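Asks: Based on what follows, work out the 3D shape:
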Amino acid sequence: MRYAAPILLFALPAVGVAQAPEPETPTVVVTGSSTQTVPPDMVTVSFSASRVEDSPGDAVDGTAELAEAVISALGAMGLADLEIERIGLAVSPHWEHKRNGDREFKGYRANTTVRARTHILGETGRLVNAGTDAGATIGGVGYSSSSEMHALRRLALASAVAAAREDAAAMAEAAGGRLGPLLLLTTDRLDPAPGIGPVAIQALRAGDTFMLDPQNVAVSARVQGRWEFIPDGN
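Replies: Presented below is the predicted three-dimensional model:
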């Protein structure tokens, strides 16, 4: 025979000392930002070379031929410090979309990018002309500073922190207290401005010439700080 052994459960009272939760320390949280600018010393012009053909191989060959024509046209300008590079190659089916929602297969499109970079900023318009006259599509124009970006970033950070602390001190005073020690300080990186896009570049065209003036390089920083708030009388 089998027997089920009884199980006895005893509930014992819990013994402990309840502690009151510590009051939270009041804080002031502020976000500060700053943008610093510097004149550029380099310009980068990007071109798109693309061909649509019946086969992928013909599309690749046609795009390579066009890219070489663009590179030759840029090189013929004779700029001493001009750097030219060809970047990437993509091949995909090319469809023509109809108004009724249908689409028609038109072949294969191959696309590559030709990028030209120079310190001679006054030649930007001629670079754009040379590449587009050779058959490429303008992709964009970007200005940069090759030597001062890191220093500009640190300057923007320092200015953003100072702005945040000034605002935090003003808030603390308005709330009837003063700013205590810094508890936390964080930052995130902001991407630089993308430069001049193809639509804007077309708008800068005067007849057969692109009139492009160098744009200052902007570096932005954003920080968030948390300070202790100390009420008056403490």
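
Asks: use CA for all of it now, contacts and neighbours both
Replies: Will do.

Asks: If you count neighbours, what's buried in the helix ranked longest in the chain?
Replies: The longest helix of the chain (DSSP state H) is helix 149-174. Across helix 149-174, burial judged by 16 or more other Cα atoms under 10 Å covers 149, 152-153, 155-165, 167-169, 171-173.

Asks: do stretch 26-33 as well
Replies: Residues of stretch 26-33 classed as buried: 27-33 (neighbour count, 16+ other Cα under 10 Å).

Asks: Take those and write them to CSV, including pLDDT, distance to residue 143 and secondary structure.
Replies: Shown next, in CSV, are these (pLDDT from 0 to 100; distance: Cα to Cα, whole Å; DSSP: H, G, I helix; E, B strand; the rest coil):
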residue, pLDDT, distance to residue 143, secondary structure
27, 95, 42, strand
28, 96, 39, strand
29, 96, 35, strand
30, 96, 32, strand
31, 95, 29, strand
32, 95, 26, strand
33, 93, 22, strand
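
Asks: Tell me the one of the residues you listed nearest residue 69?
Replies: Minimum distance to residue 69 across those is 45.4 Å, recorded for residue 33 (Cα to Cα).

Asks: Tell me what the closest one is bridged to.
Replies: Assessed by DSSP bridges, residue 33 has beta-bridge partners residue 222.

Asks: quick one, helices of this protein?
Replies: Going by DSSP H, the chain shows helices at 56-75, 124-133, 149-174, 198-203.

Asks: what packs against the first one?
Replies: Spelled out, it's helix 56-75. strand 42-53, strand 83-97, strand 103-118, helix 124-133 (3 or more Cα pairs under 8 Å, 6 or more residues apart in numbering; DSSP states H and E).

Asks: Out of those, flag the one nearest residue 223.
Replies: Among the helices and strands packed on helix 56-75, the nearest to residue 223 by Cα to Cα is strand 42-53 (28.7 Å).

Asks: Please compute how far the closest one lies from its chain's middle.
Replies: 20 Å (Cα atoms, centre = their mean, to the nearest Å).

Asks: what comes into contact with that strand?
Replies: Strand 42-53 is contacted from outside by 59-60, 62-63, 66-67, 94, 106-121, 124, 127-128, 131-132, 135-146, using Cα atoms under 8 Å, 6 or more residues apart in numbering.

Asks: okay, that strand in CSV with CA atoms only?
Replies: Output of strand 42-53 as CSV, limited to C-alpha atoms (Å, rounded to 0.1, in the frame of the first residue of the first chain):
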residue,chain,number,x,y,z
MET,A,42,38.5,71.9,-49.9
VAL,A,43,35.6,71.2,-52.2
THR,A,44,34.3,67.8,-53.3
VAL,A,45,32.1,67.4,-56.4
SER,A,46,30.3,64.1,-57.0
PHE,A,47,29.0,62.9,-60.4
SER,A,48,26.7,60.0,-61.3
ALA,A,49,27.6,58.1,-64.5
SER,A,50,24.7,55.8,-65.6
ARG,A,51,23.7,53.8,-68.6
VAL,A,52,20.7,51.7,-69.5
GLU,A,53,21.2,48.8,-71.9
